[in-house]
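Enquirer: What would the 3D arrangement of this be:
(one chain, ligands or ions: 1)
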Amino acid sequence: MDLSWSEDEKGFRREARAWLETNLAEWRDELAGPVLSGDTPEGFAQHLRWERRLFAGRWAAVSWAPHHGGRGASLWEWLLFEEEYHRAGAPMRVTQNGVFLLAPSVYEFGTAAQRDGILPRVANADDLWCQGWSEPNAGSDLASLTSAARRVDGGWVLDGQKTWTTRGAFCTHLFGLFRTVAGSTRHHGLSYLLVPLDTPGVTVRGFGRLDGDEGFAEVFFDQAFLADEAVPGGVVLGEPGNGWAVAMATAGSERGLTLRSPGRFLATANRLAGLLAERGGGDAVLRRRVADAWMKAEAYQLHTLRAVTFLAAGEQAGPEASLSKLWWSELDVELHETALDLLGPDAERDGPWSRGWQFSLSGPIYAGTNEVQRNIAAERLLGLPRR
Ligand SMILES: Cc1cc2nc3c(=O)[nH]c(=O)nc-3n(C[C@H](O)[C@H](O)[C@H](O)COP(=O)(O)OP(=O)(O)OC[C@H]3O[C@@H](n4cnc5c(N)ncnc54)[C@H](O)[C@@H]3O)c2cc1C
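Expert: Modelled structure (predicted):
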């Protein structure tokens, strides 16, 4: 594997860096106030202004085709862009479910009409997508979900409930799994449906998170009629009844490299090293912990480069995505816990490190819990017997 960047790639990095610097400064000036959490209504609106600016500069989804709002960049260039994005301190993407989870599956399973109709609106933050998988009795055991869709003339009738829907209260659309074959069980007979949240019969009820933000929603479907043409190209992604395969591809994006690119953790590791320097070096144990966490962020970068090498050679992301998920989620906790220990009593204050730490604690839960990822690694990568 050649780890050096070509002149073109270096030029791409310089262009991204310059654009981010100018545009972040302009966006922050326009806000005339602090940048708020994207999981509050006001913060969400602020973040959308930023993301539309990204789209205007064709940086919202760099690896997508130009006619979908991207710039046709390679996966390597995308990694460079992500590094620059986080290095510049640019905000978390509130459109991430659409850009990083739904879109790769639309590219893989969607029709041309779905790709052309859905993707530009995702990139420009016109349609804001949330993920509707978890139900009150179907989290880790997703295949036990009971929300159902019944085929009728010109569409589907939806019944059921989703929960833990991140930013559902602020979004316009939901992608979710529904049982569409009556009498089917487990992962058979499910369909991956694309649902505008203003569909009559759909009720969205937001609720607060433990950290005080309003990021979650429950979504209820009560005889909701979803017309076939409610989304360009049709509301079923992939084959009806075969939604599990599409959902597993989306899960691969969520656990693997697209949702959590290494740039984010490299930037946090560098901020941690800066904090150590600022605080006068800490004791030997803390210095070692900072160095360990920093090296793990570098290791994640190298692991991702390896994964991209496979993807660039036409291979699919498989159960290895579970290993990435275990690594980044545990690393995020470690980076933030080390920072809090460096801060000592100051860690009690509300600030980026304490907020980041609170959110890092959810990393081992969302995108499939780490216990479940360990099961996947044990069974599918190591070939250990199922219990
Ligand atoms: C911040 C955050 C954002 C989220 N956003 C979304 C979203 O946008 N959309 C969405 O659909 N969902 C979302 N979720 C839900 C998330 O996917 C679920 O919480 C997760 O899949 C676990 O499901 P559960 O909460 O029902 O826990 P359970 O499945 O009840 O698990 C409880 C505990 O039992 C363990 N366990 C369960 N089964 C096994 C097993 N077979 N082997 C070993 N241990 C096991 C689990 O690891 C866990 O520790 C989000 C969650 C969080 C925390």
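Enquirer: Kindly state the pLDDT recorded for the nearest residue to residue 198 once chain neighbours are set aside?
Expert: Closest residue in space to residue 198, ignoring its immediate chain neighbours: residue 172 at 7.3 Å, by C-beta to C-beta, 6 or more residues apart in numbering. Heads up, the C-betas are built off the backbone N, CA and C, glycines and all. The per-residue pLDDT reported for residue 172 equals 98.
Enquirer: separation between residue 172 and residue 186?
Expert: Taking C-beta to C-beta, to the nearest Å as the measure, residue 172 falls 31 Å from residue 186.
Enquirer: repeat for residue 148
Expert: Distance, residue 148 to residue 186, using C-beta to C-beta: 14 Å.
Enquirer: swap in residue 121?
Expert: 33 Å.
Enquirer: more crowded one of those two?
Expert: Using other C-beta atoms under 10 Å, the more surrounded residue of residue 121 and residue 186 is residue 121, with 19 against 12.
Enquirer: How about the more buried one, nearest residue that isn't a chain neighbour?
Expert: Distance criterion C-beta to C-beta, 6+ apart; nearest residue to residue 121, sequence neighbours excluded, is residue 127 at 4.4 Å.
Enquirer: Tell me who's in contact with that neighbour.
Expert: 98, 118, 121, 172, 173 (C-beta atoms under 8 Å, 6 or more residues apart in numbering).
Enquirer: Can you go through those and name the buried ones?
Expert: Among these, those scoring as buried are 98, 118, 121, 173 (criterion: 16 or more other C-beta atoms under 10 Å).
Enquirer: Can you tell me which of those lies closest to the ligand?
Expert: Closest approach to the ligand among the buried ones among the contacts of residue 127 (C-beta to the nearest ligand atom): residue 98, at 11.7 Å.
Enquirer: Residue 341 belongs to a helix, doesn't it?
Expert: Yes. Residue 341: assigned to a helix according to DSSP: H, G, I helix; E, B strand; the rest coil.
Enquirer: That one - nearest residue in space that isn't next to it in sequence?
Expert: Nearest in space to residue 341, with sequence neighbours left out and distances taken as C-beta to C-beta, 6+ apart, is residue 286 at 6.2 Å.
Enquirer: dump the residue contacts of the one you found.
Expert: Neighbours of residue 286 in contact, by C-beta under 8 Å, 6+ apart: 276, 338, 341, 342.
Enquirer: buried ones in the helix or strand where it lies?
Expert: Under the criterion of DSSP states H and E, residue 286 resides in helix 284-312. By neighbour count on 16+ other C-beta under 10 Å, the buried set for helix 284-312 is 289-290, 293-294, 296-297, 300-301, 303-305, 307-308.
Enquirer: Closest one to the ligand out of the residues you listed, please.
Expert: Of these, the one sitting nearest to the ligand (C-beta to the nearest ligand atom) turns out to be residue 300, at 20.2 Å.
Enquirer: What parts of the protein come near the ligand?
Expert: Contacts of the chain with the ligand, taken as C-beta under 6 Å from any ligand atom, map to 130-134, 139-140, 164-166, 362, 365-366, 368-369, 371-372, 375.
Enquirer: With that, I have no additional questions.
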